[in-house]
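1. Could you look at this predicted model? Sequence included:
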Amino acid sequence: MKKLQTIFAAALCGAIFSFTATASAQAGLQGYGTVIRVAGPASYSLGDNVWHPLLAGKILPVGSLVRTGDNGTVDVVLGQSVSMPQASGAFGQPSRISFAPDSPVRGLIGYAPSVQQNVVRLTPNTTLGIDKLTITDTGADTVSDTELNLKQGKIFASVKKLSGASQYLIKLPNGIAGVRGTLFSISADGTVSCLESTGGGVVLSIVGADGATRTFNVVPGQTLTASSNGQPTAISQDDISYLNGLFAQLQTAYSGTEVDFSYDNTQVYVSPTLGVGSN
């Protein structure tokens, strides 16, 4: 896999992405994932194989793993800093504040649709690792380096337009993919669909059952089924409609950091002598 990643990265630079600059000597800032929606069973690990329940608002450092169970869905913003909005009844919002084994954790998270965020949606029975996430300010531009590890399942991803020296890679069990300014889906078996792109679509390098490595460029409006070992074909109109609706949800930005507790107006009195309370 190491050799495959090296070959793919070189091909990606020369053939598709034309990286024109390198980061300055300034060290990149470590990014992280912010969980913005959770529906159904989902959990996370900090790389120690200990799994914890996942809530909206959880901050995931590099090295974390996220997995979903049957009917589980998780949306994660990948970046440097996400200001969480006030509660607004959004999809996946917890009903109350809950605690987790590590911090920081926030609850009661809502969202407001906008644009220009790198967001990933995990579908049911998916395991995704955040292997690398750095952001470097070169003075003239912002360079980001993102590497995800899709161990099983399927993700939908909205990747904003990146600077020339940035990269966004998704490692698979038998290959690797690269994107830039793209709305796409990808499965662990290498099945890819590309809805829109400002940077050449999805470049996929995958090792087939015969041991041969094949590279595909899936451009907007195309899908590639890994099991076919063929060329990309047109996405059906029904699938395009579905993807348009899904990616409208993933175009998400945030403002405001306060949590709104107005949902609960309960008042509790505890007697200082009897030790019992009443609502």
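-> Sure thing, it's come through.
2. so where do the helices sit in this structure?
-> 2-11, 237-250 (DSSP state H).
3. among these, which gets the worst mean confidence?
-> The minimum mean pLDDT among these belongs to helix 2-11 (a mean of 48).
4. can you pull the contacts of the spatially closest residue to Gly72 that is not a sequence neighbour?
-> Of all residues not flanking Gly72 in the chain, Gly40 sits nearest, at 3.8 Å (CB to CB, 6 or more residues apart in numbering). In this view, the C-beta of every residue, glycine as well, is placed from N, C-alpha and C. Residues near Gly40 by CB atoms under 8 Å, 6 or more residues apart in numbering: 68-73, 124.
5. Please tell me how far Gly40 sits from His52.
-> 16 Å (CB to CB, to the nearest Å).
6. and if you look at Asp238?
-> If you go by CB to CB, the gap between Asp238 and His52 works out to 38 Å.
7. And the contacts of Gly40, which of them are buried?
-> Among the contacts of Gly40, those scoring as buried are 68, 72-73, 124 (criterion: 16 or more other CB atoms under 10 Å).
8. on that earlier part again, of the contacts of Gly40, closest to Tyr242?
-> Taking CB to CB as the measure, Tyr242 lies nearest Thr73 of the contacts of Gly40, at 14.6 Å.
9. Skip the chain neighbours and tell me the closest residue to that closest one.
-> For Thr73, ignoring the flanking residues on the chain, the nearest one in space by CB to CB, 6+ apart is Ala39 at 4.5 Å.
10. my read: that neighbour touches Asp70, true?
-> No. The criterion here is CB atoms under 8 Å, and Ala39 misses it with Asp70 at 11.9 Å.
11. which ones are touching the closest residue to Thr198 other than its chain neighbours?
-> Spatial nearest neighbour of Thr198, excluding adjacent residues (CB to CB, 6+ apart): Gly181 at 3.6 Å. Listed by CB under 8 Å, 6+ apart, the contact set of Gly181 reads 159-162, 197-199.
12. any idea how far Val202 is from Gly181?
-> In terms of CB to CB, Gly181 sits 11 Å off from Val202.
13. how about the strands in the stretch 1-150 of the chain?
-> 29-30, 32-39, 42-45, 51-53, 59-60, 65-68, 73-79, 112-113, 118-122, 127-137, 142-152 (DSSP state E, counting those that start in this stretch).
14. CA atoms only: put the last one into CSV for me.
-> Same thing as strand 142-152. Taking C-alpha atoms only, strand 142-152 is exported to CSV below (Å, rounded to 0.1, in the frame of the first residue of the first chain):
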residue,chain,number,x,y,z
THR,A,142,-3.7,28.3,2.7
VAL,A,143,-2.4,24.8,2.1
SER,A,144,-4.2,21.8,3.5
ASP,A,145,-3.2,18.1,3.6
THR,A,146,-6.0,15.6,4.3
GLU,A,147,-5.8,11.8,4.3
LEU,A,148,-8.8,9.6,5.2
ASN,A,149,-8.8,5.9,5.6
LEU,A,150,-12.1,4.2,4.4
LYS,A,151,-11.8,0.8,5.9
GLN,A,152,-15.3,-0.4,5.1
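15. Wait, Leu243 touches Thr182, no?
-> No. At 11.9 Å, Leu243 does not count as touching Thr182 under the criterion of CB under 8 Å.
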